[in-house]
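1. quick one: sequence plus predicted model below, questions after.
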Amino acid sequence: MSIPIVDSHIHLFPKSHLPTFTWYTEDSPLASQHSVDEYRAASTHASHPQPRGFIFLETDRLSSIDDTPEGHGWTHPLDEVSFLTRIISGAPHPGEGHTATDQRLCLALIPWAPVPGGPSALEAYMAQVRARTGTNTTAWKKVRGVRYLVQDKPRGVMGQRDFIEGVQWLGRQGLTFDLGVDARSGGLWQLEEAVEMMETVYGGVALKEQTSVIINHLCKPNLRLSGSDTTEHMDFRAWKALVERMARWPKTYMKLSGAFSELPPLSAEKDPDILDLVQQLQPWVEVIFRCFRPERVMFGSDWPVCNIGGGGNAVSWGRWQAIVEGILERQGLNEGQKRRVWGGTAVEAYGIEV
C-alpha cells in the first residue's frame with residue numbers, strides 16, 4: 001500500500017512503569033514492556049511500510065481528579081508525559097526501548113487529564129504537563145488533546161457540570177477530547193450519556209470554539225453478533241441510533257480501531273480469512289461511513305491492546321491493516337477518501353504537522 005499511514009491510536013510504556021497502571025496484574029497479557037522498539041517490529045512488514053507516525057494515547061495510570069495526598073494524584077500520568085517527552089526529544093533512559101532516531105514518529109501526545117474537575121483542575125494540571133515537557137517546545141506543541149476514560153466510571157459522570165465545562169474548556173484552548181465508551185462490556189447507557197453530554201457541550205457554542213470530540217474504537221460495539229439478522233438485533237439498532245446522533249455534530253470524529261477486543265479472538269498460528277472479517281464488520285462500518293463520511297473517520301491500530309485478540313505482536317497490526325484495506329475497498333472509496341482514513345482525518349482532527 002503506497003498511501004502513508006498515521007496510526008491515530010497507540011499506547012507505549014516501559015517495563016519500569018507497569019505497577020502504575022490501573023489494569024496491571026502480573027498475569028496480564030500486557031504485563032511487559034511495550035515501547036517504540038516493539039511497535040516498530042509490529043507495524044513494519046513488506047506488505048505495509050512503517051507508518052509515517054503515530055498518535056500516543058494515555059494508558060490509564062493510577063490517578064485521581066484532585067492532586068491530593070488522599071488519592072493517587074497526578075504523579076503517574078505526569079511521569080507518562082515525561083516518558084513521551086524523552087521519546088519526542090530523542091533522549092531515552094537506558095532500557096526504555098527507543099532511540100534518538102525514533103523522535104520523528106510521535107506526531108501527537110494525548111495525556112490523561114482530570115476532565116471531571118472542570119476548568120480549574122484542567123488549567124492547573126495542564127500547567128504541570130507543560131512543565132514536564134521542560135525546555136522542549138516541540139514536545140509541548142505535540143500535546144494536542146487529552147483523554148479521560150469514562151468506560152469504567154459510574155453513571156452520571158459525563159453529565160456533571162464540571163465535566164461539561166471541562167470539555168468546553170479544552171476547545172477554547174485548541175485541545176481535543178478523546179472519548180472512550182464501551183457499548184458491549186460497559187452498556188449502551190454509556191453511549192446515551194455520551195450523546196447527552198455532546199448535546200450540552202455543543203449547544204449554543206460557536207463552531208470555531210467547539211471541542212473536537214474523537215470517539216475511540218467505534219464505541220466498542222458488540223461485534224460478536226453475526227449472521228443475516230445482525231442489523232435487526234436490539235444491540236445493533238440501539239448502537240446505530242446513538243452513533244447517528246453523535247455524528248450530527250461536525251466536530252465529532254470516529255476511530256476505525258479496537259475491533260480485535262470485541263471480535264472472537266484470532267489464532268496466532270492460523271491466518272484468518274480477511275474477507276470473512278470484513279464481511280462480519282460490514283454492518284457496523286457501513287453505519288460509520290454513512291454517518292461520519294471518510295472525512296471524519298481515522299485509522300487506528302489500538303496497539304498493543306490489539307495483540308490480545310489479534311493473534312500477537314508478530315501478526316495483529318498487519319491483520320488489522322489488511323482488514324481496513326478490505327473495508328475501504330468494499331466501501332468503494334476513491335484515492336482521496338482512502339488518504340483521509342489512513343491519515344488525513346487524524347492530521348486535521350488533532351491539528352498536527354507531518
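-> Happy to help now that I have it. Numbering: from 1, shown residues only.
2. now do the phi/psi pair for R61.
-> When read as degrees, to the nearest 10, the backbone of R61 gives phi -80, psi 160.
3. partner residues bridging it?
-> Residues in a beta bridge with R61, per DSSP bridges, are F21.
4. could you report the pLDDT at it?
-> At R61, the pLDDT value in this model is 97.
5. now stretch 251-259: average pLDDT?
-> Regarding stretch 251-259, the rounded mean pLDDT is 98.
6. and what of stretch 275-289?
-> The predicted model gives stretch 275-289 an average pLDDT of 97.
7. mind listing the strands for this protein?
-> Assigned by DSSP state E, the strands in the chain fall at 6-10, 53-57, 106-110, 145-147, 176-179, 213-215, 252-256, 297-299.
8. which stretch among those strands comes nearest F21?
-> Of all the strands of the chain, it is strand 53-57 that lies closest to F21, at 13.5 Å by C-beta to C-beta. Any C-beta I mention is one placed from the backbone N, CA and C, and that applies to glycine too.
9. in the sheet, which strands lie alongside that closest one, parallel or antiparallel?
-> Neighbouring strands of strand 53-57 in its sheet, by DSSP bridges, are strand 6-10 (parallel), strand 106-110 (parallel).
10. give me the low-pLDDT residue ranges for the stretch 151-300 of the chain?
-> Along the stretch 151-300 of the chain, the model assigns pLDDT under 70 to residues 227-228.
11. tell me where it has helices.
-> Here the stretch 151-300 of the chain has its helices, by DSSP state H, counting those that start in this stretch, at 161-172, 189-202, 234-247, 274-292.
12. could I get the ones you listed as JSON lines with distance to F21 and mean neighbour count?
-> Shown next, in JSON lines, are the helices of the stretch 151-300 of the chain (distance: least, C-beta to C-beta, whole Å; neighbours: other C-beta atoms under 10 Å):
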{"stretch": "helix 161-172", "distance to F21": "23", "mean neighbour count": "20"}
{"stretch": "helix 189-202", "distance to F21": "21", "mean neighbour count": "20"}
{"stretch": "helix 234-247", "distance to F21": "28", "mean neighbour count": "18"}
{"stretch": "helix 274-292", "distance to F21": "29", "mean neighbour count": "18"}
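13. closest one to S82 among the ones you listed?
-> Comparing the helices of the stretch 151-300 of the chain by C-beta to C-beta, helix 161-172 comes nearest, at 21.7 Å.
14. what does that closest one contact?
-> With C-beta atoms under 8 Å, 6 or more residues apart in numbering as the test, helix 161-172 has contacts from 114-119, 121-123, 145-146, 157-158, 176-177, 197, 200-201, 205, 209-213, 251.
15. which ChimeraX command selects the buried ones in the residues you listed?
-> Selecting only the buried entries of these in ChimeraX, with 16 or more other C-beta atoms under 10 Å as the criterion:
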select :114,115,116,117,118,119,121,122,145,146,157,158,176,177,197,200,201,210,211,212,213,251
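16. just to revisit the earlier point, for the strands paired with strand 53-57, which one ends up most surrounded?
-> Highest mean neighbour count of those: strand 6-10, a mean of 27 (counted as mean count of other C-beta atoms under 10 Å).
17. ok, the closest residue to V81 other than its chain neighbours - how many residues close by?
-> Nearest in space to V81, with sequence neighbours left out and distances taken as C-beta to C-beta, 6 or more residues apart in numbering, is R132 at 4.4 Å. Using other C-beta atoms under 10 Å, R132 has 21 neighbouring residues.
18. which residues are in contact with R132?
-> By C-beta under 8 Å, 6+ apart, the residues touching R132 are 78, 81-82, 85.
19. next step: those restricted to helices.
-> 78, 81-82, 85 (DSSP state H).
20. drop anything exposed from those residues.
-> Applying 16+ other C-beta under 10 Å to these, the neighbour count classes 78, 81, 85 as buried.
21. how about the strands of the chain, which one is nearest Y24?
-> strand 53-57 (17.0 Å).
22. with just CA atoms, put the closest one into CSV.
-> Provided in CSV are the C-alpha atoms of strand 53-57 (Å, rounded to 0.1, in the frame of the first residue of the first chain):
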residue,chain,number,x,y,z
GLY,A,53,4.0,8.3,12.6
PHE,A,54,1.6,7.6,15.5
ILE,A,55,-0.6,9.4,18.0
PHE,A,56,0.0,8.3,21.6
LEU,A,57,-3.0,7.9,23.9
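23. what angle sits between it and strand 252-256?
-> Inter-element angle recorded for strand 53-57 and strand 252-256: 110 degrees (by axes from the mean of the first three to the mean of the last three C-alpha atoms, to 10 degrees).
24. if you count neighbours, what's buried in strand 53-57?
-> Within strand 53-57, the residues scored as buried using 16+ other C-beta under 10 Å are 53-57.
25. now for the residue nearest to W23 when sequence neighbours are not counted: which residues touch it?
-> Nearest residue to W23, sequence neighbours excluded (C-beta to C-beta, 6+ apart): D60, at 6.1 Å. Each residue near D60 by C-beta under 8 Å, 6+ apart is listed here: 21-23, 112, 149.
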